[in-house]
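Q: Fold the following, please.
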Amino acid sequence: MKGNGPEENLKQVRQVTRREFARLAGTFGLTSVLLGLSSLARAGARPPSTAEIAQAASAISTKRSKKQAKHKLIFGGSGFNEVNLKIERQGALFFIADLEDRTDGEIQIEFHGNNTLCGQLNCIQKAQQGIVDIYAASTQNSAAVAPFLNVLDFGYLWPNRASQYNFFYDPRSEKLFRGPLRKKHKIHFLWTHCELRDIQMGLKYKDKPKIMTVEALKGTKLRVTGTQLGRISMQLLGTNPVPLAWEETLDGLKSGLIDGAETWSSAVAYANMTPFISQDVHCQFFSGNEHTAMNLKSFEKLGPALQNAVMESAYLTQVHVQAANEAALLSVVGITDPPLPGTIFEKYGVRNCIWPQSELEKAEHMVSPKHNPKPWEKWRERLNKWAGDIDIFEELYAIAREVPKDMQAIDVDPSRWWKG
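A: Sure thing, here's the model as predicted:
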């Protein structure tokens, strides 16, 4: 008999009624229940019972209450929860567990996901306002509020996922990215997941040939995020970008308002969009980063010792995310051609359109500021100024090409970026 696929195995909380879940949260605290569920959730295992969840939550709650926390922080997790964090390995609950343990409870974090405190488009704004101390959202959605985040989104800046991880571990990311983000937007960047954004086509393309060329994409109406630079890339590829909030994208796909959406593979899987996607077009045209960052004042008030603990937990989470998400892309999401048996893409018949290097290079020559600089001039000038009057694109472009084009992301050596 064929075993349950990862999607079934990951729906741990759905085995518990809403009333039971609310009772557990009321008894042990929501974050303790989520951490308990996260510790119990293992792909391939049977879903835990209510009693098992209660036992795990009770143990975590007891441990968390042993010491009076000096700092209680609020984590706005946009649409994430313990289920979809097993699909896109963003690392939020891993970070909370490690930091609370590392500080022996001096820092305690309450996690609010499922868009209860903030969503993809406004989590960063609520962090800047001090409503939440820490948040998780994509840099691309957050760029509408914090435009310096656009610096990651030049078309075809990153040749592969390895080049992205390499940059975020690199001490030069402090001067080129993290420092300007703190100065301009009062946000302290902690860690990120790394993928490259593709084009996800709706069901009207289910019986059509696989989209394997730039020409086949031309004229399609596609959802675009808050990133202004991503929009430039889409226009240069000949598509019609349609600004649409992440929370509205699923309805746009269902209704046929859009032909498809630009996003990354694991985002489609975790957001339950996969039933309405027929092709994942791996054109890899700009960055995709589900990042976590912190209100700068919230970070600074911790003091040196606890600040160091936050950085160490952020580093360990970055290492965890690098390995875990790379594995999940293959064995849970299913980005191979064909998708592996039991993956989410295999279940829903999503075809991976993996472009050959020749087509990627053709698209790069159409889009990249290296080959087509004029459409990017205004944004380059603006970002250069914010970065400290340097040519930020050229700096990032050079670093991105310090790793081979065929390097796997798991082969990038981790490094504590803040220690130089």
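
Q: Mind jotting down where the strands sit in this structure?
A: 71-76, 107-112, 134-138, 187-192, 195-202, 221-224, 240-243, 260-263, 277-288, 290-295, 351-354 (DSSP state E).

Q: okay, those, which one's buried deepest?
A: Most buried of the strands of the chain, by mean neighbour count (mean count of other Cβ atoms under 10 Å): strand 134-138, with a mean of 29. In this view, the C-beta of every residue, glycine as well, is placed from N, C-alpha and C.

Q: for that strand, packing partners?
A: Packing partners of strand 134-138 (3 or more Cβ pairs under 8 Å, 6 or more residues apart in numbering; DSSP states H and E): strand 71-76, helix 123-128, strand 290-295.

Q: Who does it pair with, and is each partner parallel or antiparallel?
A: Note on strand 134-138: by DSSP bridges, its sheet partners are strand 71-76 (parallel), strand 290-295 (antiparallel).

Q: Out of these, the one nearest Phe95 is which?
A: Closest to Phe95 of the strands paired with strand 134-138, according to Cβ to Cβ: strand 290-295, at 7.0 Å.

Q: For that closest one, which outside residues touch it?
A: The contact list for strand 290-295 (Cβ atoms under 8 Å, 6 or more residues apart in numbering) reads 88, 90-92, 95, 124, 127-128, 130, 132-139, 142, 181, 186-193, 267, 310, 314, 317.

Q: what's the longest helix in the protein?
A: In terms of residue count, the longest helix belonging to the chain (DSSP state H) is helix 304-328.

Q: Based on its surroundings, how many neighbours for Thr17?
A: The number of residues packed near Thr17 is 11, by other Cβ atoms under 10 Å.

Q: quick one: it and Thr116, what's the gap?
A: Thr17 sits 19 Å away from Thr116, going by Cβ to Cβ, to the nearest Å.

Q: cool, and Val350?
A: 30 Å.

Q: More neighbours: the two, which one.
A: Between Val350 and Thr116, Val350 has the larger neighbour count (other Cβ under 10 Å), namely 28 against 14.

Q: Would you confirm that that one contacts Ser278?
A: Yes: taking contacts as Cβ atoms under 8 Å, Val350 lies within contact range of Ser278: 6.5 Å.

Q: quick one: the helices in the stretch 301-420 of the chain?
A: 304-328, 344-348, 357-367, 377-386, 392-400 (DSSP state H, counting those that start in this stretch).

Q: Out of the ones you listed, which gets nearest to Pro241?
A: helix 357-367 (13.1 Å).

Q: other SSEs contacting that closest one?
A: Applying 3+ Cβ pairs under 8 Å, 6+ apart, we find helix 357-367 packed against helix 214-217, helix 228-236, strand 277-288.

Q: Let me have these in CSV, adding distance to Tyr156 and mean pLDDT as columns.
A: Output for those, formatted as CSV (distance: least, Cβ to Cβ, whole Å; pLDDT from 0 to 100):
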stretch, distance to Tyr156, mean pLDDT
helix 214-217, 12, 97
helix 228-236, 8, 94
strand 277-288, 6, 97
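
Q: Please convert the ones you listed to JSON lines, extending it with distance to Phe168.
A: Output for those, formatted as JSON lines (distance: least, Cβ to Cβ, whole Å):
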{"stretch": "helix 214-217", "distance to Phe168": "29"}
{"stretch": "helix 228-236", "distance to Phe168": "18"}
{"stretch": "strand 277-288", "distance to Phe168": "11"}
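
Q: Select, out of those, the one closest to Lys419.
A: For those, the distance to Lys419 is smallest for strand 277-288, at 24.4 Å, taking Cβ to Cβ.
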